[in-house]
Structures are given as C-alpha cells and as structure tokens.
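Novice: sequence first, then the predicted structure, then my questions.
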Amino acid sequence: MPDSERRKRGAETIAKVYAGDVVVPPEGASAFADMMLEQVFAEVWTRPALSIRDRRLLIMGVIAALGESMTWKIQLRAALKNGELTPEQARETLIQLTQYIGYPRAAGLLGATEEAIRDAQK
C-alpha cells in the first residue's frame with residue numbers, strides 16, 4: 001500500500017481510537033507523526049486478531065506500569081468515550097493493575113482516572 005494510503009488509513013484509525021480527541025498534523029509536519037500514522041495506526045491497530053478494546057487494555061497495562069498518568073488519562077478517556085469501558089470497569093482496571101504495578105505507581109494514576117471519567121461524562 002502506498003504511503004499516502006497508509007497515512008489516510010492511519011488518520012482514520014487514530015480518529016476512531018481516540019474518539020476524535022487527537023489532532024493529526026499535516027503530512028510532512030512531523031516525521032514522527034507520519035511514521036506513527038503509517039505504521040502503528042495503519043498497520044498494527046487495524047490487525048483483525050485483537051479488537052481496539054483488547055489493544056487498549058494491553059497498552060493501558062504498559063502505561064500503568066510506566067506510571068505515565070497523562071498518557072493513561074488519554075487512553076482511558078478514549079476508552080470511555082468509545083464505549084470500550086464503563087466508569088466502573090475503568091476503576092476496576094486500575095484496581096487489577098495495582099496488584100502488579102504497585103500502590104505508589106497506581107496512586108499516581110488515580111486522579112487521572114477520575115479526571116478521565118469526568119471528562120468523558122461531559
């Protein structure tokens with residue numbers, strides 16, 4: 001598939017994955033964004049073996065383990081807006097992950113979780 005088609009497919013996928021919350025820069029404005037759209041979103045997120053929800057939960061586990069609260073909030077807000085998780089499931093996801101990532105790291109995600117829930121309910 002030509003890069004322009006991959007970019008278009010990637011842009012459509014990122015809009016779906018992030019419920020329209022992530023702005024895609026114009027082609028050529030960022031080599032990083034171009035590569036991300038053409039590879040991660042055009043090729044990986046569109047593979048049929050896992051659903052977007054499955055992929056999101058995997059990514060959220062990695063993000064939680066890294067303690068990245070800002071990225072956690074972005075993923076969680078998109079999951080809530082897309083109907084992939086309910087607020088109760090979002091909180092339960094954090095409880096489940098806490099047992100593996102540790103309380104100090106999870107505590108840093110608690111505020112981001114509640115903010116994402118409030119944002120998605122607006």
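Specialist: Cool, got the structure. Numbers count the residues shown, from 1 in each chain.
Novice: can you list the domains in this structure?
Specialist: Domains of the chain are assigned by automatic domain parsing as 3-44, 52-121.
Novice: quick check: end-to-end length of the longest one?
Specialist: One end of domain 52-121 to the other measures 21 Å (C-alpha to C-alpha, to the nearest Å).
Novice: same question for stretch 72-91.
Specialist: 12 Å.
Novice: pull out the buried residues from it.
Specialist: Across stretch 72-91, burial judged by 16 or more other C-beta atoms under 10 Å covers 72-82, 84-85, 87, 90. From N, CA and C alone the C-beta is placed, and that goes for glycine too.
Novice: how close does Lys8 get to Ala33?
Specialist: 14 Å (C-beta to C-beta, to the nearest Å).
Novice: neighbour-wise, which of the two wins?
Specialist: Ala33 (20 against 16; other C-beta atoms under 10 Å).
Novice: residues contacting the more buried one?
Specialist: Val24, Pro25 (C-beta atoms under 8 Å, 6 or more residues apart in numbering).
Novice: please, which helix or strand holds it?
Specialist: Using DSSP states H and E, the secondary-structure element containing Ala33 is helix 31-35.
Novice: kindly report the same for Glu92.
Specialist: Under the assignment here (DSSP H and E), Glu92 is part of helix 87-101.
Novice: now for that helix, which elements pack on it?
Specialist: Helices and strands touching helix 87-101, by 3 or more C-beta pairs under 8 Å, 6 or more residues apart in numbering; DSSP states H and E, are helix 52-66, helix 69-81, helix 103-121.
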